[in-house]
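J.: pasting the sequence and the predicted model now:
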Amino acid sequence: MPAPLFKRWAPPKPVTKPVPKPATVESARISSPIQERTESPVVEAKLSTPKAAKKPKKRKREAEAQDEDDETSKKHKAIFSKFEKVSKLAEARGQQHGEDDESNDAQAQEELHDLKPMPQPAPIPEAAFEPTFSTLPPWLSQPTTIESSKSLPFTELGVDAQFVKRLEQLGFKDALAVQTALLPMLHTGFDQHLGDVCVSAKTGSGKTLAYLLPIIEALKDRAVPILSAIVVVPSRQLVNQALQVAEELCVGTKIKVGTALGNTAFASEQKQLVKLRAQYDPKRAKELQERASRQFRTGFLEKGGIIDDLMEMPLDHVPQYDSGVDILICTPGRLVEHIEHTTGFLLNSVRWLVIDEADQLLNQNFQGWASVLMDALHGETPVDFMNAQERLYKRERDANSIWSAVLPARRQLTKVVLSATMEKDLTKLGTLRLKRPKLVVVQDEATEIQPLENDDNVFELPSTLDEFAVHVGDGSNKPLHLLHVLLTYVFEGLDSINTHATKEAVASSEHESSDEDEKATGLSSHQSRVLVFTKSTESASRLSHLLSVLEPAFKNYLRTMTRALTADASRKLLKSFGSGDVKILIASDAASRGLDIPDITHVINYDIPTSITSYVHRVGRTSRAGKYGQAWTLFTKTEAAWFLKQVTKGDTVKRGARKVKRIEWKESAVTADGRKKAYRLALAELEGAVKGGAD
Ligand SMILES: Nc1ncnc2c1ncn2[C@@H]1O[C@H](COP(=O)(O)OP(=O)(O)OP(=O)(O)O)[C@@H](O)[C@H]1O
């Protein structure tokens with residue numbers, strides 16, 4: 001039962017002290033705080049007036065007032081006694097209640113002690129926060145994935161019988177994973193993807209054939225060249241490499257494949273790309289001549305343009321520009337030059353634009369090539385300005401396309417963007433103005449478990465690659481460590497021919513040369529082929545010199561790829577490396593991208609790469625198209641932290657269940673057999689050679 005509210009308002013101890021009978025109003029007033037609050041100050045003033053000063057009239061009034069006061073006092077007394085009674089009663093009830101409450105509390109406590117907590121369900125563990133969203137658009141965050149082990153016969157992919165036969169002759173029976181994905185997407189037909197395609201597939205997975213084959217198949221009946229495909233790659237060597245694959249596939253067709261890479265004079269490249277001829281057209285000839293004479297008058301004469309060509313035309317003829325090639329393979333810089341300076345080099349009939357090693361090309365954006373190319377590609381030639389050939393082509397295309405019934409007649413341009421280290425960078429990809437793009441990712445089964453919604457870039461290494469890492473201390477004996485790897489692990493067995501050329505102090509020159517010969521013979525028949533990467537072409541040359549002094553048996557089998565080599569010389573060099581005449585090729589990062597040299601068994605990072613991307617491309621020169629290969633990296637004390645954390649243990653590089661094997665040997669193992677002394681001699685010789693060169 002709730003306690004009565006008035007209990008709080010009870011005056012302090014009204015019952016315990018006997019209240020004296022108030023003799024005067026004053027004393028009553030003092031003892032009662034309630035009265036004190038209600039009494040008016042006017043009454044107080046009246047009471048304090050001295051009696052002597054009072055007049056008879058006043059006295060009467062005072063007597064009346066006294067009566068009134070007595071009456072009031074009586075009333076007060078009555079109210080007060082009533083109040084006291086109620087207070088006493090309240091007090092008594094309060095005490096009773098207090099006892100009741102106490103006994104109730106005690107009871108409640110007792111009862112509570114007996115209660116057991118109700119059994120509760122186990123708390124639900126809160127799931128760790130895993131974002132299910134991506135900042136990337138769906139085409140980048142949810143790519144089409146293909147297992148890298150997937151392989152299908154070319155016949156099942158709708159490849160024309162003529163090309164299936166050609167592929168068999170080249171030794172390709174089944175299509176590799178990236179080819180099984182790309183061929184149907186790029187072939188005309190119902191599986192065709194009517195949009196652009198980005199491809200992320202490991203090094204050596206067969207991307208070149210995947211984009212060249214459908215293009216060449218589509219152009220196989222072409223009799224007169226029309227520029228239909230442009231392939232952009234980052235280096236001259238890659239232009240030549242793609243050209244070789246294209247030419248092999250084009251055998252038996254009239255398709256013309258041309259290159260623009262700057263290895264020949266610009267004018268002769270122009271002549272190869274654009275064929276000038278005279279066309280009889282008196283009306284247009286007159287218009288052009290009027291334009292030419294206006295230009296002569298104003299002095300604003302176009303140089304090297306159509307007016308120049310008009311001068312060489314017979315009467316009533318106009319210059320007409322035809323494409324000299326169907327497929328153009330080029331570097332971005334040279335392509336931009338042709339777009340800007342070659343009259344008649346028009347891109348309005350281009351149906352395929354391929355950008356290989358796209359991440360590198362977009363990162364460099366040399367001469368703003370992407371924007372220049374996109375402007376040239378997307379600027380449609382108005383029908384009025386089309387030449388006869390273009391009009392013919394447009395009519396043929398509109399009539400033959402299976403989509404012509406449902407789609408408006410317009411050129412369909414497909415962009416194919418590829419890399420082994422494709423970056424999901426929207427800003428860079430944005431410069432390519434992709435339409436309805438699709439990302440195709442070729443990856444191992446194990447990697448598929450990884451969430452692909454992840455916005456981070458992940459690069460996969462070939463599954464047939466074994467990686468080794470060697471700590472070389474402070475790096476002062478690095479060439480000796482390299483020599484140790486070469487003799488012990490790459491050219492196994494060669495070191496057992498254990499007479500070193502540097503044992504000059506003990507060995508007779510006759511003996512020495514016979515050991516050298518024996519080693520050279522062992523080397524010539526050896527199957528291993530090794531590509532050694534250095535940080536620059538200068539260090540490549542230096543290392544090459546050192547190695548041939550340290551191990552003379554290497555001399556005839558060791559070459560360096562430098563910037564000074566002409567395109568022809570570097571092609572020859574790569575050919576002899578491919579054939580096995582050269583066993584050790586030392587190069588800078590310039591050779592890390594895209595180079596496809598068959599049967600490289602080992603890659604050695606003599607100097608560690610400067611980025612993860614560079615590592616992926618360097619080691620990707622071996623283990624190509626399912627072949628086994630090894631990658632060795634020599635790292636110093638100061639390089640260890642970055643290399644071990646980022647490359648060997650980081651999340652960016654995926655290598656399945658495989659791990660990088662750490663190999664360590666004692667410094668004495670590499671300096672044995674007088675090699676330290678030989679190294680010093682080699683250094684001295686190198687210094688002399690450099691000085692001699694400088695003189
Ligand atoms: N269907 C096939 N069967 C067997 N080998 C093939 C097939 N297609 C291509 N190859 C071979 O695979 C090798 C690698 O091909 P390619 O150079 O196109 O690789 P890539 O994916 O472009 O590599 P990178 O990213 O390093 O440039 C080449 O030697 C090529 O001849």
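T.: Structure's in. What do you need?

J.: in the protein, what spans have low per-residue confidence?
T.: Per-residue confidence for the chain (pLDDT under 70) gives these ranges: 1-69, 72, 94-115, 128-134, 300-304, 380-411, 446-455, 495-520, 689-695.

J.: pop the domain breakdown of it in here.
T.: 1-50, 138-281+316-391+408-443, 282-315, 461-694 (automatic domain parsing).

J.: in TSV: the ones you listed, plus mean neighbour count and distance to residue 90.
T.: In short, each C-beta sits where N, CA and C put it, glycine included. Supplementary listing: the domains of the chain in TSV, determined by neighbours: other C-beta atoms under 10 Å; distance: least, C-beta to C-beta, whole Å:
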stretch	mean neighbour count	distance to residue 90
domain 1-50	11	6
domain 138-281+316-391+408-443	18	77
domain 282-315	13	116
domain 461-694	18	79
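
J.: how about CSV for these, with distance to the ligand added?
T.: Formatted as CSV, the domains of the chain follow (distance: least, C-beta to the nearest ligand atom, whole Å):
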stretch, distance to the ligand
domain 1-50, 86
domain 138-281+316-391+408-443, 3
domain 282-315, 37
domain 461-694, 3
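
J.: as TSV, the ones you listed with distance to residue 123 would be great.
T.: Output for the domains of the chain, formatted as TSV (distance: least, C-beta to C-beta, whole Å):
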stretch	distance to residue 123
domain 1-50	38
domain 138-281+316-391+408-443	34
domain 282-315	80
domain 461-694	32
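
J.: element containing residue 527?
T.: Residue 527 is part of no helix or strand when elements are defined by DSSP states H and E.

J.: spatially nearest residue to it (excluding sequence neighbours)?
T.: Leaving aside its chain neighbours, residue 527 sits nearest to residue 601 (6.9 Å; criterion: C-beta to C-beta, 6 or more residues apart in numbering).

J.: quick one: the one you found and residue 492 touch, right?
T.: No - the pair residue 601 / residue 492 is not scored as a contact, 10.9 Å apart, by C-beta atoms under 8 Å.

J.: joint contacts of those two?
T.: Taking C-beta atoms under 8 Å, 6 or more residues apart in numbering as the contact rule, the neighbours common to residue 601 and residue 492 are residue 528.

J.: point to the residue nearest the middle of the chain.
T.: Central residue of the chain (C-alpha atoms, centre = their mean): residue 423, 2.9 Å from the mean position.

J.: so that residue, which state does it fall into?
T.: coil (DSSP: H, G, I helix; E, B strand; the rest coil).

J.: doesn't residue 457 make contact with it?
T.: Yes - with contact taken as C-beta under 8 Å, residue 423 and residue 457 are classed as touching, separated by 5.2 Å.

J.: before we move on, the earlier item: list the residues that contact the residue nearest to residue 527.
T.: The neighbours of residue 601, taking C-beta under 8 Å, 6+ apart as the test, are 490, 527, 528, 529, 530, 622, 628, 629, 630.

J.: for residue 595, see how far away it is.
T.: The spacing between residue 601 and residue 595, counted by C-beta to C-beta, to the nearest Å, is 15 Å.

J.: before we move on, what about residue 282?
T.: 54 Å.

J.: surely residue 586 is in a helix?
T.: No - with the criterion set as three-state DSSP, the secondary structure at residue 586 is strand rather than a helix.

J.: quick check: it touching residue 540?
T.: Yes - if you go by C-beta under 8 Å, residue 586 and residue 540 touch, sitting 4.6 Å apart.

J.: okay, and the common contacts of the two?
T.: When contacts are counted by C-beta under 8 Å, 6+ apart, residue 586 and residue 540 are jointly contacted by 532, 534, 560, 561.

J.: just the ones of these in strands?
T.: 532, 560 (DSSP state E).

J.: show the contacting residues for the closest residue in space to residue 414 that isn't next to it in sequence.
T.: Leaving aside its sequence neighbours, residue 414 sits nearest to residue 352 (C-beta to C-beta, 6+ apart; 5.4 Å). When the contact criterion is C-beta under 8 Å, 6+ apart, the partners of residue 352 are 186, 211, 215, 228, 229, 230, 413, 414, 415, 416.

J.: give me phi/psi at residue 78?
T.: Taking degrees, to the nearest 10, you get phi -60, psi -50 for the backbone angles of residue 78.

J.: from residue 84, how far off is it?
T.: Applying C-beta to C-beta, one obtains 11 Å for the distance of residue 78 from residue 84.

J.: same check on residue 614?
T.: Distance of residue 614 to residue 84, given as C-beta to C-beta: 102 Å.

J.: about what we covered before: now distance to residue 567 too, for the contacts of residue 601, in TSV please.
T.: Converted to TSV, the contacts of residue 601 look like this (distance: C-beta to C-beta, whole Å):
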residue	distance to residue 567
490	29
527	29
528	28
529	22
530	24
622	24
628	31
629	27
630	30
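
J.: can I get the residues you listed in TSV including distance to residue 292 and secondary structure?
T.: As requested, these are arranged in TSV below (distance: C-beta to C-beta, whole Å; DSSP: H, G, I helix; E, B strand; the rest coil):
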residue	distance to residue 292	secondary structure
490	67	helix
527	66	coil
528	66	coil
529	60	coil
530	62	strand
622	60	coil
628	66	coil
629	62	strand
630	66	strand
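
J.: surely residue 524 meets residue 557?
T.: Yes - taking C-beta under 8 Å as the definition, residue 524 is a contact partner of residue 557 at 7.3 Å.

J.: which residue, neighbours along the chain excluded, lies closest to residue 185?
T.: Nearest in space to residue 185, with sequence neighbours left out and distances taken as C-beta to C-beta, 6+ apart, is residue 193 at 4.3 Å.

J.: helix, strand or coil for the one you found?
T.: The three-state label given to residue 193 by three-state DSSP is coil.

J.: show me the contacts for it.
T.: Applying C-beta under 8 Å, 6+ apart to residue 193 gives the contacts 185, 186, 414, 436, 438.

J.: surely the first one meets residue 197?
T.: Just to be clear, that refers to residue 185. Yes - in terms of C-beta under 8 Å, residue 185 counts as a neighbour of residue 197; the distance is 5.9 Å.

J.: overlap of the contact sets of the two?
T.: Where contact means C-beta under 8 Å, 6+ apart, the residues bridging residue 185 and residue 197 through contact with each are 438, 440.

J.: what about stretch 254-263, start to end distance?
T.: Using C-alpha to C-alpha, to the nearest Å, the gap from the first to the last residue of stretch 254-263 comes to 25 Å.

J.: and the closest residue to residue 250 other than its chain neighbours, what does it touch?
T.: Excluding its sequence neighbours, the residue lying closest to residue 250 (C-beta to C-beta, 6+ apart) is residue 216, at 5.8 Å. With contact set as C-beta under 8 Å, 6+ apart, residue 216 has these partners: 163, 246, 249, 250, 253, 255, 327.

J.: restricted to helices, list these.
T.: Counting by DSSP state H, the members of the contacts of residue 216 that fall within helices are 163, 246, 249, 250.
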